[in-house]
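[1] starting from these lines, generate the structure:
(one chain, ligands or ions: 2)
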Amino acid sequence: MDHPQVFRFSTQISHLALDIGGTLIKLVYFSANGDSIEESRDGGSIVVGNNGCSVVQGRLCFAKFETRKIDDCLEFIRLNILHHSSGVQHPNGTACDKLSVKATGGGAFKFADLFKEKLGIHFDKEDEMHCLVGGANFLLKTVPREAFTYLDGQKKFLQIDHKDLYPYLLVNIGSGVSMIKVDGDGKYERISGTSLGGGTFLGLGKLLTKCQSFDELLELSHHGNNRVIDMLVGDIYGGTDYSKIGLSSTAIASSFGKAISDGKELEDYQPEDVARSLLRMISNNIGQIAYLNALRFGLKRIFFGGFFIRGLEYTMDTISVAVHFWSRGEAKAMFLRHEGFLGALGAFASYKEQSQDNSEMKPQHHTVQRAILNCSGDNVRHFPVTANLNDGETIECSISLV
Ligand SMILES: Nc1ncnc2c1ncn2[C@@H]1O[C@H](COP(=O)(O)OP(=O)(O)OP(=O)(O)O)[C@@H](O)[C@H]1O
Ligand SMILES: CC(C)(CO)[C@@H](O)C(=O)NCCC(=O)O
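    Ligands and ions are numbered 1, 2, ... in the order given. Coordinates of the predicted model:
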């Protein structure tokens, strides 16, 4: 058997995809054959396959920044990506010295001039919904142990049957929420959305609790009790269930409802309890709207993505219970490990779609061999409440160049 020829090259980062949203900027970049750009500076390797196409081994790396701190993102790209990105050398000896940058999300339009001016980067723009779907399909089809359910404190990874993946409902909870019916690769329709999303949680949370960050708000919510401020069925029914319509005494009858008659000012409530009620209210509402849209189209599977979720048990549990309750167990809420990177991964995967044309550099496909989960462990309960499962994670993969 012929051994593949291995070429060495000095630069590492050849592909960068950005998803610039209302709250966060997400980056996915391909680092050739290195643990990370900081740890490995010895160059990547290209393996030339029998069919003449070259396969670059490497990893997909992830990073995120707050959109309001876009300068940090520009600096990160300048120092860590542009300095390592004179391109991948093609086996025919020609260097493809342009870093090809895909961009999606509203910021791909809003900040295109800024990136050009500050970094000399030109965005190859991709549609946001198209990228969300592309990213979700890419993860579901190629990354093992990507999707899981979370119910009654139990996290269960799902074996995805490629032949039985569609249709499904994709609910992306970012600043706002998009609900997309997915029927196949590139086959989708945005069927609904709501402006009550992650931005609402963070915006109201900042106003009501004076917290400074999302992590702080999550930490507060972790220590709070929503019953202090939410009006429960039992509060209205004198402590009993309203079983005739299926409501237990502990079900929330009215989010924040106790504040009507408690005679308290905002300062009299613990910020922890306010944060908890808010998280519950937003998660419940999204779960219910998602279920109603699934019902409209007879969809049984609902995948939730977006950075609002952040792998948080309480959020996932609330969403799962809402879907389970309203659908009477018919529909299932599912979550994704790389929840916040769907758009950026979809933009990255769109390199593949371009391989049909005659462009100089044609990454054909991204074969994910295995996911390396540095924050290893299946049970999110081992993590501090604000731990982000995506931090420090990489996905091993290879890219074919024609
Ligand atoms: N470190 C963080 N800083 C700010 N918000 C965070 C953070 N981590 C998670 N979030 C939550 O995630 C939301 C943003 O999620 P995401 O990045 O998926 O959306 P986006 O792309 O910014 O928004 P949109 O798609 O609506 O433009 C925030 O509104 C907030 O609720
Ligand atoms: C406007 C977008 C698509 C930007 O990502 C998102 O924030 C969203 O889906 N908002 C909800 C808008 C609505 O459907 O009411």
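
[2] any idea how far ligand 2 is from H222?
    From H222 over to ligand 2 the distance is 26 Å, taken as Cβ to the nearest ligand atom, to the nearest Å. C-beta here means a position set from N, CA and C on the backbone, and glycine is covered the same way.

[3] go on, V171?
    Between V171 and ligand 2 the distance is 10 Å, computed by Cβ to the nearest ligand atom.

[4] hmm, the helix or strand that that residue is a member of in reach of ligand 1?
    Applying DSSP states H and E as the criterion places V171 in strand 168-173. No: for strand 168-173, no contact with ligand 1 is found by Cβ under 6 Å from any ligand atom; the gap never falls below 6.6 Å.

[5] with just CA atoms, put that strand into PDB.
    Below are the C-alpha coordinates for strand 168-173, written out as PDB (Å, rounded to 0.1, in the frame of the first residue of the first chain):
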ATOM      1  CA  TYR A 168     -37.200  18.500  12.900                       C
ATOM      2  CA  LEU A 169     -37.700  21.900  14.500                       C
ATOM      3  CA  LEU A 170     -34.600  24.000  15.200                       C
ATOM      4  CA  VAL A 171     -35.100  26.600  17.900                       C
ATOM      5  CA  ASN A 172     -32.200  29.000  18.100                       C
ATOM      6  CA  ILE A 173     -32.200  31.000  21.300                       C
END
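
[6] can you name the residues in contact with that strand?
    Contacts of strand 168-173 with the rest of the structure, by Cβ atoms under 8 Å, 6 or more residues apart in numbering, involve 132-133, 136, 177-182, 188, 191, 197-198, 286, 290, 293-294, 297, 299, 301-309, 342-343.

[7] what sits up against the next helix or strand after it?
    Sequence order places strand 177-184 as the next helix or strand after strand 168-173, per DSSP H and E. Outside of strand 177-184, the residues that reach it under the criterion Cβ under 8 Å, 6+ apart are 129, 132-133, 136-137, 166-172, 188-198, 286, 289-290, 293, 297, 299, 306.

[8] which of the contacts of strand 168-173 are buried?
    Among these, those that count as buried by neighbour count (16 or more other Cβ atoms under 10 Å) are 132-133, 136, 177-182, 188, 197-198, 286, 290, 293-294, 299, 301-309, 342-343.

[9] which residues of the chain lie near ligand 1?
    Listed as neighbours of ligand 1 in the chain under the rule Cβ under 6 Å from any ligand atom: 21-24, 66, 105-106, 174-176, 198-199, 201-202, 214, 306-308, 310, 340.

[10] just the ones of those in strands?
    Helix and strand membership here follows DSSP state E; of the residues of the chain next to ligand 1, those in strands are 24, 66.

[11] whichever of the residues of the chain next to ligand 1 end up buried, select them in ChimeraX.
    Selecting only the buried entries of the residues of the chain next to ligand 1 in ChimeraX, with 16+ other Cβ under 10 Å as the criterion:
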select :21,22,23,24,105,174,175,176,198,199,201,202,214,306,307,308,310,340
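
[12] sort out for me which of the residues of the chain next to ligand 1 are in helices.
    Assigned to helices by DSSP state H, the following of these qualify: 198-199, 201-202, 214.

[13] helices or strands up against the strand or helix carrying E117?
    For E117, the element it lies in under DSSP H and E is helix 112-119. Under the contact definition 3 or more Cβ pairs under 8 Å, 6 or more residues apart in numbering; DSSP states H and E, helix 112-119 sits against helix 70-76, strand 100-104, strand 123-125.

[14] okay, the angle between it and strand 100-104?
    Regarding helix 112-119 and strand 100-104, their directions subtend 150 degrees when assessed with axes from the mean of the first three to the mean of the last three Cα atoms, to 10 degrees.

[15] contact partners of helix 112-119?
    For helix 112-119, the surrounding residues in contact (Cβ under 8 Å, 6+ apart) are 70, 74, 77-78, 82, 101, 103, 121-123, 125.

[16] list the contacts of the closest residue to D72 other than its chain neighbours.
    Once its chain neighbours are removed from consideration, D72 has its nearest residue in F65; the separation is 5.3 Å (Cβ to Cβ, 6 or more residues apart in numbering). Neighbour list for F65: 24-25, 27, 72-73, 76 [criterion: Cβ under 8 Å, 6+ apart].
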